[in-house]
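Colleague: I'll drop the sequence and a predicted model, then ask my questions.
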Amino acid sequence: MNNIILTKSSTENQIKSYFLKVLDLKQSNEQFPVDLEEVWPLVYPRKEEAVRYLKSEFIQDVDYQVLRKNAENPLGGRPTDIYKLTLSCMEYFIARKVQPVFNVYRSVFHQSVESGFRIPQTYSEALRLAADKEEENQKLLIENKALESENKRMQPRDQFVDIVFNSNKLLTMSEAAKSLKLKYGRNTLCKKLREIGIFYKSSNEPKQEYISCGYFEYKPVEVGNGRIIMQPFCSSRGLGYIAKKLGVIMVPETQITITVNNTTGIMNMSNNKKNK
């Protein structure tokens, strides 16, 4: 959009000017009016982290779409992926994570429907308008406090996601169970992965589609006396996938602790399920 790139140092006027251009596109029925390239620096330190979070938390072709640029790269490199976001995706993916940005976002989009403002004609109408405005201000104040509280609550989770997705370390299944603070070890974890169809039923070998996704590796390991066996290993992405599939992120008062390159990340989680 006219090569506009927003960053953490962008001014309020620059952010508002960009959002107004997005609003114009939205009003012209553009389903995906936001280019990820233009907004990710507002929140994320690297584009790769923004893309990983986008793919893990949102749905392709519903919340965002991926377009290919330079599919035939004359230099022989990989084609470039362009990520286009819906307005609601951009709100939760970008705007709500930074309070000043969200304030500008809300002033542009949440109040755009009020463009048909009518000047009050009587004293009672003016009083009603003043009362409505005060009620709106109180509502915004409550929303701001709720947003601050939610950001604080999500901070440990975001730190965990950063540590997990920035790691190239492969974990044994025993290490994966320990990192997820499971109450059981390697054998039971492998059994559960067989039961839910991630591993083949007759072995601890991950199915090919999960290896292709980068969740697991299956490779030979020497276990002593020169004996070689095939053993599954879990990637950092696979650890997050296992957590979701096993409902680990729904366990009450539980923490995930993972140590990568001498850095320990802790993730607090809560349970919304009813006790049976």
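Modeller: Received the coordinates, thanks. Numbering: from 1, shown residues only.
Colleague: before we move on, which element is the spatially closest residue to residue 40 that is not a sequence neighbour in?
Modeller: Take residue 40 and drop its neighbours on the chain: the residue closest to it by C-beta to C-beta, 6 or more residues apart in numbering is residue 50, 3.9 Å away. From N, CA and C alone the C-beta is placed, and that goes for glycine too. Assessed by DSSP states H and E, residue 50 sits inside helix 47-57.
Colleague: Show me what that helix is packed up against.
Modeller: For helix 47-57, the elements it packs on are helix 36-39, strand 80-85, helix 87-93, helix 123-165, judged by 3 or more C-beta pairs under 8 Å, 6 or more residues apart in numbering; DSSP states H and E.
Colleague: Next, report how far the second one is displaced from the centre of its chain.
Modeller: In terms of C-alpha atoms, centre = their mean, to the nearest Å, the gap separating the centre of strand 80-85 from the centre of its chain is 16 Å.
Colleague: Just to be sure, residue 219 is in a helix?
Modeller: No - Residue 219 is assigned strand when assessed by DSSP: H, G, I helix; E, B strand; the rest coil, not a helix.
Colleague: Would you mind measuring from it to residue 63?
Modeller: Between residue 219 and residue 63 the computed distance is 35 Å (C-beta to C-beta, to the nearest Å).
Colleague: Equivalent analysis for residue 178, please.
Modeller: The gap separating residue 178 from residue 63 is 34 Å, by C-beta to C-beta.
Colleague: so which strand or helix has residue 182?
Modeller: Assigned by DSSP H and E, residue 182 falls within no helix or strand.
Colleague: so what's it closest to, chain neighbours aside?
Modeller: Nearest non-adjacent residue to residue 182, counting by C-beta to C-beta, 6+ apart: residue 189, 6.5 Å away.
Colleague: list the contacts for that neighbour?
Modeller: Residues near residue 189 by C-beta atoms under 8 Å, 6 or more residues apart in numbering: 173, 176-177, 182, 242.
Colleague: Redo the residues you listed as JSON lines? Include pLDDT and distance to residue 131.
Modeller: As requested, the contacts of residue 189 are arranged in JSON lines below (pLDDT from 0 to 100; distance: C-beta to C-beta, whole Å):
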{"residue": "173", "pLDDT": "93", "distance to residue 131": "62"}
{"residue": "176", "pLDDT": "89", "distance to residue 131": "57"}
{"residue": "177", "pLDDT": "89", "distance to residue 131": "58"}
{"residue": "182", "pLDDT": "88", "distance to residue 131": "55"}
{"residue": "242", "pLDDT": "90", "distance to residue 131": "53"}
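Colleague: I'd like to know which elements the helix or strand that the helix holding residue 50 is followed by is packed against.
Modeller: Next along the chain after helix 47-57, taking DSSP H and E as the criterion, comes strand 64-69. Where contact means 3+ C-beta pairs under 8 Å, 6+ apart, strand 64-69 is packed against strand 80-85.
Colleague: tell me which residues in the strand it packs on are buried?
Modeller: Buried residues in strand 80-85, counted by 16 or more other C-beta atoms under 10 Å: 83-85.
Colleague: again with stretch 98-114
Modeller: Residues 98, 101-106, 108-109 are the ones in stretch 98-114 that count as buried (16+ other C-beta under 10 Å).
Colleague: Next step: those restricted to helices.
Modeller: Among the buried residues of stretch 98-114, the residues falling in helices (DSSP state H) are 101-105.
Colleague: gap between the helix or strand that contains the residue nearest to residue 182 and the chain center?
Modeller: Taking DSSP H and E as the definition, one finds residue 189 inside helix 186-195. In terms of C-alpha atoms, centre = their mean, the centre of helix 186-195 is set 27 Å apart from its chain centre.
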